[in-house]
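*Asks:* sequence and predicted structure, then a few things I'm wondering about:
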Amino acid sequence: MSVDYPAMHAEVAQVFLDGAVMVDESQWDSPTPCEGWTVRDLVNHVVAGNFWAAELVGGRTIGDVGDAYDGDVLGDQPSSVVEKSTASAVSAFRAPGAMTASCAVSYGPVPGKVYCGHRIVDLVGHAWDLATATGQDATREAAHVAACLEILEPQFELLAASGLFGGATDPGASAEPQARLLSMLGRGSG
């Protein structure tokens with residue numbers, strides 16, 4: 001499989017958006033598989049990441065953006081903010097030159113393709129977290145899981161050592177793909 005990064009990002013961003021708009025009012029304070037995070041915290045994290053993606057792919061730096069996306073970015077209209085942030089990130093990664101643009105992310109300047117790959121993995125993992133926390137179907141699409149594995153496997157040891165995925169383990173190539181991905185993301189076998 002060779003990942004079409006902008007197209008895959010758009011697909012997984014839509015999956016997360018679809019799950020977020022299905023959150024019932026009573027579920028926003030529910031715990032998620034991400035230790036210490038409620039559903040609202042999780043969605044807020046993804047939304048802030050979407051807004052950051054648009055800024056960084058567009059050539060801005062962390063210093064330029066400052067604290068614009070710190071704290072609660074969801075406000076009292078979470079669904080509309082999720083939609084706006086999703087459209088913003090999807091548009092940024094689809095822009096001409098986005099995959100080769102230098103993105104000044106927190107772990108150093110990386111090509112847009114690398115950053116997009118990390119956003120794909122983040123979205124798929126957090127879509128699973130959201131589905132699990134809210135009682136939605138937590139089975140991820142096989143193509144999305146395969147894309148994440150293709151992105152993660154060459155970088156797994158580096159990413160695991162970074163602490164980005166707490167409790168990350170590699171269960172081996174014989175594990176079922178979604179279980180393998182979830183283990184690599186520090187989520188056990190899901």
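*Replies:* Looks like it arrived, so ask away.
*Asks:* how many residues are close by T100?
*Replies:* 9 (other Cβ atoms under 10 Å). Every residue, glycine included, has its C-beta placed from N, CA and C.
*Asks:* could you do C34 as well?
*Replies:* Quick note: C34 (other Cβ under 10 Å) scores 20 neighbours.
*Asks:* using CSV, write out every CA atom in stretch 167-187.
*Replies:* Presented in CSV, the C-alpha positions along stretch 167-187 are these (Å, rounded to 0.1, in the frame of the first residue of the first chain):
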residue,chain,number,x,y,z
GLY,A,167,2.8,2.3,27.1
ALA,A,168,3.5,1.6,23.4
THR,A,169,4.4,-1.9,22.5
ASP,A,170,4.9,-3.8,19.3
PRO,A,171,3.0,-7.1,19.5
GLY,A,172,4.7,-8.4,16.4
ALA,A,173,3.6,-8.7,12.8
SER,A,174,1.4,-11.7,13.5
ALA,A,175,-1.1,-9.7,15.5
GLU,A,176,-4.4,-8.6,13.9
PRO,A,177,-3.8,-5.2,12.3
GLN,A,178,-6.1,-3.1,14.5
ALA,A,179,-4.8,-4.8,17.6
ARG,A,180,-1.2,-4.2,16.4
LEU,A,181,-1.9,-0.5,15.8
LEU,A,182,-3.6,0.0,19.1
SER,A,183,-0.7,-1.7,20.9
MET,A,184,1.8,0.5,19.0
LEU,A,185,-0.3,3.6,20.2
GLY,A,186,-0.2,2.4,23.8
ARG,A,187,-3.8,1.3,23.9
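*Asks:* just how off-centre is that stretch within its chain?
*Replies:* 17 Å (Cα atoms, centre = their mean, to the nearest Å).
*Asks:* mind listing what's buried along that stretch?
*Replies:* Under the neighbour-count criterion of 16 or more other Cβ atoms under 10 Å, stretch 167-187 has A168, T169, Q178, R180, L181, L182, S183, M184, L185, G186, R187 buried.
*Asks:* avg pLDDT for that stretch?
*Replies:* Averaged over stretch 167-187, pLDDT sits at 83.
*Asks:* need the contact list for N44.
*Replies:* Contacts for N44 (Cβ atoms under 8 Å, 6 or more residues apart in numbering) come out as D72, V73, L74.
*Asks:* at 10 Å instead, please
*Replies:* Residues in contact with N44 (Cβ atoms under 10 Å, 6 or more residues apart in numbering) are W37, T38, Y69, G71, D72, V73, L74, G75, P78, V81, V82.
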